[in-house]
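S.K.: Coordinates only, no sequence provided:
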């Protein structure tokens with residue numbers, strides 16, 4: 001009995017010790033967690049910067065859309081954006097979905113944050129977004145009468161450097177509106193990052209041109225899930241490490257790959273600042289500094305901060321090789337939205353659209369569509385004009401944490417069904433390329449309650465219009481039907497004098513009794529000037545272009561035919577003109593047939609409804625404006641009369657162009 005009591009006593013004591021150890025260990029674990037990852041403070045106003053994302057790398061001069069989502073128990077009254085601590089402006093109209101346009105300048109690290117205020121004075125602060133503006137020339141356009149000198153002054157670039165970057169042009173010469181201009185960055189003194197240019201603060205190495213690549217290895221000394229750093233040689237221009245956009249160090253630091261970093265110039269210091277995530281909290285890992293002379297590199301470089309150690313092994317190599325050019329930016333998707341109807345869901349969104357669009361009425365899913373265009377590409381530069389697909393992300397509004405849901409291969413697949421989100425969840429889409437030196441785009445985001453982007457619509461009348469053709473075969477018919485159908489309409493009603501009024505038709509006279517044969521043939525030409533948002537150098541995305549042909553009058557007759565019921569229009573096809581005819585002027589409504597040659601690549605039936613999709617043609621004009629010679633409307637072939645007499649089909653057409661497009 002005593003022995004059993006002794007055993008129970010030992011067991012109880014052991015359990016008590018284990019309990020103490022468990023409690024102490026749990027306390028120590030929670031304490032250590034609290035020291036490394038503070039939970040976001042509770043606020044009655046929830047503010048989330050949806051775009052851009054921390055870690056984004058943006059080309060210098062690019063116009064970045066900064067978007068915000070704010071929620072509270074009372075109405076949001078205003079939202080304010082801060083870039084590097086300076087206010088970029090207050091939005092009071094629909095502030096819960098506020099947006100700003102920020103021109104990414106100057107090159108280096110920038111912080112973005114936002115604040116929202118409710119009608120009863122409560123405020124909420126967003127997460128801080130850290131982005132890098134990359135070195136490298138960027139394109140812009142001159143305003144009417146603006147000079148290179150004036151454009152450069154806005155960015156702190158001297159006139160001589162502006163002239164050098166633009167083919168030696170006179171920097172004081174006034175330029176026409178929309179003239180393409182390239183703005184250099186890096187000071188124009190060999191300061192461009194990467195092999196071939198010195199870093200700020202030092203000249204090039206003497207003798208053979210070489211670059212010094214440092215193969216970096218990162219190891220955290222505090223608990224983190226993923227990390228990244230910024231490095232600088234002058235505390236002005238900073239470079240992200242890992243270099244690829246949206247890539248981070250992950251894990252415990254034991255098996256990281258090595259990263260190249262280019263360096264040329266004289267003796268200088270290297271600075272590093274690093275951050276890391278633990279769970280959903282971002283923490284600062286500290287900063288490190290070391291001296292480094294590229295002309296006499298050490299065997300190993302080490303930069304240590306409070307929560308990291310960054311070591312690197314320098315290697316010399318000939319100029320021209322080395323680190324990837326991270327200035328190559330993937331254009332992001334735009335107009336992420338719920339489709340308004342079934343037609344919009346299916347339109348141009350990939351062959352899997354029927355599968356995803358069938359879920360539009362399923363309450364468990366949200367169907368999202370988006371647009372993508374390659375945007376502006378400076379001639380001769382490295383630009384991304386084709387992508388390999390899209391990546392779909394789930395975003396936690398309160399923390400900014402992202403979770404990859406799906407990867408869609410191909411640039412044509414622009415629709416996906418996501419689970420209906422819980423409160424505080426948004427979705428985002430990035431475009432990507434498989435090339436590891438380039439990576440992903442910035443993110444387009446959608447949150448519950450968003451109305452989504454709506455296409456802008458513009459209706460264009462032709463800036464030039466012309467009726468071509470006329471009688472081309474005539475034998476013994478000088479007194480038979482000599483009044484041309486178009487001339488008659490013009491004399492009687494003035495038809496043809498208004499933009500877009502053209503005659504399209506075909507005439508055949510075959511009268512054996514009068515020994516008469518005659519053929520006439522008319523076709524219309526119209527040319528449209530695209531709005532500035534859709535001209536070369538802009539980043540709007542074309543959704544649809546529709547040519548509308550209204551019949552002001554249609555005359556149809558075929559001798560010997562019983563009914564002679566006219567079709568809606570006598571237009572049989574529309575083609576893209578392959579030569580400039582605008583010099584003939586709008587007043588001269590006839591021209592030789594050779595002046596209006598083109599190719600009819602969009603045929604349709606004679607009894608056509610009056611609408612034709614010309615999206616591919618307008619897209620061609622957007623990216624190759626020199627080829628915008630307009631459209632040609634070809635007539636039907638009326639056929640011979642059934643007995644002696646004539647056959648004709650003529651339409652007096654009023655033509656216009658409807659374009660639907662999205663702006664980023």
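M.R.: Done, it's in. Bear in mind the structure is a predicted one, so any value in this text is a computation, not a measurement.
S.K.: What ranges does this protein have for its helices?
M.R.: Secondary structure of the chain, counting by DSSP state H: helices at 2-36, 148-155, 159-165, 342-346, 353-357, 485-493, 615-623.
S.K.: tell me which residues of the fifth one are tucked away?
M.R.: Judged by neighbour count using 16 or more other CB atoms under 10 Å, the buried positions of helix 353-357 are 353, 356-357. Backbone N, C-alpha and C define where each C-beta goes, glycine included.
S.K.: tell me which of those is nearest to residue 516?
M.R.: Nearest to residue 516 among the buried residues of helix 353-357, counting by CB to CB, is residue 353 at 56.9 Å.
S.K.: and that closest one, what is it in contact with?
M.R.: Residue 353 makes contacts with 345-346, 415, as judged by CB atoms under 8 Å, 6 or more residues apart in numbering.
S.K.: where does the stretch 101-250 of the chain dip in pLDDT?
M.R.: 136, 167, 185-213, 234-238, 243-247 (pLDDT under 70).
S.K.: So which residues of it form strands?
M.R.: For the stretch 101-250 of the chain, strands defined by DSSP state E, counting those that start in this stretch occupy the ranges 108-118, 123-125, 129-134, 138-141, 180-183, 210-220, 226-232, 238-241, 249-250.
S.K.: all strands of the stretch 451-600 of the chain, in order?
M.R.: Per DSSP E, counting those that start in this stretch, the stretch 451-600 of the chain carries strands over the ranges 456-460, 464-475, 501-511, 516-527, 541-558, 571-577, 598-603.
S.K.: helices or strands next to the first one in the packing?
M.R.: Read it as strand 456-460. strand 645-662 (3 or more CB pairs under 8 Å, 6 or more residues apart in numbering; DSSP states H and E).
S.K.: Let's test this: mean pLDDT of the strand it packs on, rounded?
M.R.: Mean per-residue pLDDT for strand 645-662: 89.
S.K.: Please parse the protein into its domains.
M.R.: Residue ranges for the domains of the chain, per automatic domain parsing: 45-134, 138-183, 210-318, 334-454, 458-662.
S.K.: Minimum pLDDT in the contacts of residue 353, which residue is that?
M.R.: When these are compared, residue 346 shows the smallest pLDDT, 85.
S.K.: wait, what's in contact with it?
M.R.: Residue 346 sits in contact with 353-354, 357, where contact means CB under 8 Å, 6+ apart.
S.K.: Mind putting those into a markdown table with pLDDT and distance to residue 134?
M.R.: Below are the contacts of residue 346 laid out as a markdown table (pLDDT from 0 to 100; distance: CB to CB, whole Å):
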| residue | pLDDT | distance to residue 134 |
| --- | --- | --- |
| 353 | 87 | 35 |
| 354 | 88 | 40 |
| 357 | 91 | 38 |
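S.K.: ok, so of those residues, who is nearest residue 116?
M.R.: Nearest member of the contacts of residue 346 to residue 116, counting by CB to CB, is residue 357, at 34.7 Å.
S.K.: In contact with the nearest residue to residue 52 once chain neighbours are set aside, which residues?
M.R.: Distances taken as CB to CB, 6 or more residues apart in numbering put residue 442 closest to residue 52, at 5.1 Å, once the chain neighbours are dropped. Going by CB under 8 Å, 6+ apart, residue 442 touches 51-53, 56, 58, 64, 332, 430.
S.K.: what about residue 461, how many residues close to it?
M.R.: Residue 461 has 15 neighbouring residues, counting by other CB atoms under 10 Å.
S.K.: In strands, which of the contacts of residue 442 fall?
M.R.: Members of the contacts of residue 442 lying in strands (criterion: DSSP state E): 51, 58, 64, 430.
S.K.: Compute the distance between the first one and residue 384, please.
M.R.: The one in question is residue 51. 18 Å (CB to CB, to the nearest Å).
S.K.: and if you look at the third one?
M.R.: Between residue 64 and residue 384 the computed distance is 17 Å (CB to CB).
S.K.: and residue 466, what are its bridge partners?
M.R.: residue 525 (DSSP bridges).
S.K.: Residue 64 and residue 384: which has the busier surroundings?
M.R.: Each of residue 64 and residue 384 has its neighbours counted (other CB under 10 Å); residue 64 has more, 23 against 18.
S.K.: Name the nearest residue to that one, sequence neighbours excluded.
M.R.: Per CB to CB, 6+ apart, closest to residue 64 is residue 102, 4.9 Å.
S.K.: so what's residue 147 up against?
M.R.: Residue 147 neighbours (CB under 8 Å, 6+ apart): 171-175.
S.K.: neighbour-wise, which of the ones in strands among the contacts of residue 442 leads?
M.R.: Ranking the ones in strands among the contacts of residue 442 using other CB under 10 Å puts residue 430 first, with 25 neighbours.
S.K.: how about that residue, what does it touch?
M.R.: Counted by CB under 8 Å, 6+ apart, residue 430 has contacts 246, 330, 332-333, 390-391, 393, 440-444.
S.K.: Please tell me how far stretch 563-572 is from the chain's geometric centre.
M.R.: 44 Å (CA atoms, centre = their mean, to the nearest Å).
S.K.: Correction: the previous question concerned stretch 648-664.
M.R.: With CA atoms, centre = their mean as the basis, stretch 648-664 stands 27 Å off its chain's centre.
S.K.: what's the answer for stretch 408-416, then?
M.R.: 15 Å.
S.K.: what sits up against that stretch?
M.R.: 333, 339, 345, 348-353, 356-357, 367-372, 386-392, 406, 429, 431.
S.K.: Can you select the buried ones from the residues you listed in ChimeraX?
M.R.: Buried members of the contacts of stretch 408-416, defined by 16+ other CB under 10 Å, are picked up in ChimeraX with:
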select :333,339,345,349,350,352,353,356,357,367,368,369,370,371,372,387,389,390,391,392,429,431
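S.K.: any idea how far residue 63 is from residue 502?
M.R.: 39 Å.
S.K.: Ignore what I typed, I meant residue 113.
M.R.: Residue 113 is 19 Å from residue 63, by CB to CB.
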